[in-house]
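Structure here, sequence nowhere to be found:
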């Protein structure tokens, strides 16, 4: 079972990396074309800033999820590092359970937000695209973060001998 969870976690990370590359590549392309069209041809794209901002938010949220999976988020762990191994493992598990609860709370609240009728009716001012698509990125990435955290937590609980080597 743990192998399946690890493989699913790795697959999710691969999908996130693909989307992150797609989002940042599209952002660079749109902004480059925008600069050329604006300053060379005096014909800017009217929608470039709006789409660029959306792509930047998508990239940021997807990147946060990947940082959580690879354990590259900024942490202050000098107190935890000074504890004995058993206490360090138990405290790490407790903190990850609390983090999982907070992440799931935000994901759930984000889901409730995008399901509201007034939010579903909104459209972007420049492009006219439904604005809930932008808002949906929040709960999607938070559910991905929750999965990464739960997968790391499962690994940590099953094999707690070296918590600093376990993925989160």
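Ah, there it is. Values in this document were obtained by computation on a predicted structure and should not be read as measured data. Numbering: from 1, shown residues only.

pLDDT below threshold where in the protein?
160-168 (pLDDT under 70).

So in it, which helix runs the longest?
In terms of residue count, the longest helix belonging to the chain (DSSP state H) is helix 2-39.

Downstream of that one, the next helix or strand is which one?
Secondary structure here is assigned by DSSP states H and E; on that basis, the next helix or strand after helix 2-39 toward the C-terminus is helix 48-70.

how about that next one: buried residues?
Residues of helix 48-70 classed as buried by neighbour count (16 or more other Cβ atoms under 10 Å): 48, 50-52, 54-55, 57-59, 61-66, 68-69. C-beta coordinates here come from the backbone N, C-alpha and C atoms, glycine included.

swap in stretch 29-48?
Applying a neighbour-count criterion of 16+ other Cβ under 10 Å, the buried positions in stretch 29-48 are 30, 31, 34, 45, 47, 48.

OK, contacts around the third one?
So that's residue 34. Contact analysis of residue 34 by Cβ atoms under 8 Å, 6 or more residues apart in numbering lists 44, 45, 48, 49, 52.

now do the first one
Taking Cβ under 8 Å, 6+ apart as the definition of contact, the neighbours of residue 30 are 45, 48, 51, 52, 55.
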